[in-house]
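Colleague: Sharing a model that was predicted from the sequence below.
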Amino acid sequence: MRQFRTVAIAGGGTMGVDIALTFARAGRTVHIVEPREAGRAAIPARLAKVAAEMDGAGLERLIAIHADLAAVPWAGVDLFIEAVTENLAAKQELFAKVEALARPDALLSSNSSSFPIGAIAAGLARPERCHNLHYFMPAHIVPLVEIACGPKSDFGLAQELAQLMRDTGKVPVVIRKDLPGFLANRLQHALAREAYALAQSGTASLEDIDNAVRFGFGFRYLAAGPVLQKDHAGLDIHSAAAATMYPTLCNDTEPARLLTDLVAAGKLGMKTGAGFYDWTPESIAREKARYEGALKAALAILAADLPPVKPLDR
């Protein structure tokens, strides 16, 4: 399998920068393209902050920042990752430009969780080399990366991407069908749908629903996923419980009013000061620190189950 020595990333926001550092930690050279002057100016501080959190001081030396695509040395780029705004037309335009610049054997990927790679790569001459490469925020902490294949994506190339992810210390999952939400987000939304239905019916409060997940089965999921956990518990018990509960589970095909009413009222969560919960600048800072600290502690617990980072020899 190829080494993927050089990676180009379009988009110098939080996600793009954090992804870049995961590659730099594995000894890859990275080129970040950020056309916005303010965006470029913010990148060095983010690089230094996250590199320090990763115990990777000096990783910035492997990362170059450019104002436009033309400045990237495309002859040496093995992998392109798009991490720009969630706008399909913008992504399609970007991929068309990159296809004209990149080597014929370079892989082209998108970090989008909203748009399937089949739609993004529509009209390209070689869609078989295109895949979704979906990281989760914060990308330098969360181990999972989804590799989603479109209808024309080469599955063998997806396996090469999976090995690259393992070499950078990530846990890849390969999704063979081009479904909205891929794998993890589909599972999350199935849970959220039931959670909203329970709250909306008055069965439980939002706080109790969150606690039921965090301190109940969600706590166990750190040790075993939903399939393996049932082998621990016993499939006979699971099957009997499923037969009782499935007929009563929510199967709405539209988002819950509990959610859409908040969106209509402009209550979008932390970024507007209110959502399911109310927020102040102080409470946001405390919650973000608690949240990231919990993720880092969980990462330490999972360390023995994660693939080791394999830096390239240079």
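Modeller: Nice, I can see it. Everything numeric in this text was worked out from a predicted model, so none of it was measured.
Colleague: Break down the stretch 1-150 of the chain into its strands, ranges please.
Modeller: 6-10, 29-33, 63-66, 79-82, 107-110, 130-135, 144-149 (DSSP state E, counting those that start in this stretch).
Colleague: if I look at residue 32, how far off is residue 47?
Modeller: Note on residue 32: its distance to residue 47, by CB to CB, to the nearest Å, is 9 Å. Where C-beta positions appear, they are placed from N, C-alpha and C, glycine not excepted.
Colleague: returning to that earlier point: out of the strands of the stretch 1-150 of the chain, nearest to residue 264?
Modeller: strand 130-135 (28.3 Å; CB to CB).
Colleague: Give me the angle between that closest one and strand 144-149.
Modeller: Counting by axes from the mean of the first three to the mean of the last three CA atoms, to 10 degrees, strand 130-135 lies at 170 degrees to strand 144-149.
Colleague: by contact count, what packs against strand 130-135?
Modeller: In terms of contacts (3 or more CB pairs under 8 Å, 6 or more residues apart in numbering; DSSP states H and E), strand 130-135 is packed against helix 14-25, strand 107-110, helix 117-120, strand 144-149, helix 155-167.
Colleague: I'd like those as a markdown table, with mean neighbour count, mean pLDDT and distance to residue 221 appended.
Modeller: Formatted as a markdown table, the helices and strands packed on strand 130-135 follow (neighbours: other CB atoms under 10 Å; pLDDT from 0 to 100; distance: least, CB to CB, whole Å):
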| stretch | mean neighbour count | mean pLDDT | distance to residue 221 |
| --- | --- | --- | --- |
| helix 14-25 | 24 | 97 | 23 |
| strand 107-110 | 26 | 98 | 27 |
| helix 117-120 | 21 | 96 | 28 |
| strand 144-149 | 23 | 98 | 12 |
| helix 155-167 | 18 | 97 | 21 |
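Colleague: Now those in JSON lines, please, with extra columns for distance to residue 36.
Modeller: Shown next, in JSON lines, are the helices and strands packed on strand 130-135 (distance: least, CB to CB, whole Å):
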{"stretch": "helix 14-25", "distance to residue 36": "12"}
{"stretch": "strand 107-110", "distance to residue 36": "19"}
{"stretch": "helix 117-120", "distance to residue 36": "21"}
{"stretch": "strand 144-149", "distance to residue 36": "26"}
{"stretch": "helix 155-167", "distance to residue 36": "28"}
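Colleague: So which of these is nearest residue 39?
Modeller: Closest among the helices and strands packed on strand 130-135, using CB to CB: helix 14-25, at 9.2 Å.
Colleague: so how far is that closest one off the chain centroid?
Modeller: When C-alpha coordinates are averaged (CA atoms, centre = their mean, to the nearest Å), helix 14-25 and its chain have centres 12 Å apart.
Colleague: For that helix, C-alpha coordinates in PDB please.
Modeller: Presented in PDB, the C-alpha positions along helix 14-25 are these (Å, rounded to 0.1, in the frame of the first residue of the first chain):
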ATOM      1  CA  THR A  14     -10.900  24.200  13.400                       C
ATOM      2  CA  MET A  15     -11.600  20.900  11.700                       C
ATOM      3  CA  GLY A  16      -9.100  21.400   8.900                       C
ATOM      4  CA  VAL A  17      -6.300  22.400  11.300                       C
ATOM      5  CA  ASP A  18      -7.000  19.600  13.700                       C
ATOM      6  CA  ILE A  19      -7.000  17.000  10.900                       C
ATOM      7  CA  ALA A  20      -3.700  18.400   9.600                       C
ATOM      8  CA  LEU A  21      -2.100  17.900  13.000                       C
ATOM      9  CA  THR A  22      -3.100  14.200  13.100                       C
ATOM     10  CA  PHE A  23      -1.200  13.700   9.900                       C
ATOM     11  CA  ALA A  24       1.800  15.800  11.000                       C
ATOM     12  CA  ARG A  25       1.900  13.600  14.200                       C
END
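Colleague: and that helix, what does it pack onto?
Modeller: Using 3+ CB pairs under 8 Å, 6+ apart, helix 14-25 sits against strand 6-10, strand 29-33, helix 37-53, strand 63-66, strand 130-135.
Colleague: Can you tell me what sits against that helix?
Modeller: Where contact means CB atoms under 8 Å, 6 or more residues apart in numbering, the residues beyond helix 14-25 that reach it are 7, 9-10, 30, 32, 34, 43, 46-47, 50-51, 54, 56, 59-60, 62-63, 81, 83, 111, 135, 137-140, 168-170, 309, 311.
Colleague: Switch the strands of the stretch 1-150 of the chain over to JSON lines; also include distance to residue 188.
Modeller: Shown next, in JSON lines, are these (distance: least, CB to CB, whole Å):
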{"stretch": "strand 6-10", "distance to residue 188": "25"}
{"stretch": "strand 29-33", "distance to residue 188": "28"}
{"stretch": "strand 63-66", "distance to residue 188": "31"}
{"stretch": "strand 79-82", "distance to residue 188": "22"}
{"stretch": "strand 107-110", "distance to residue 188": "19"}
{"stretch": "strand 130-135", "distance to residue 188": "13"}
{"stretch": "strand 144-149", "distance to residue 188": "12"}
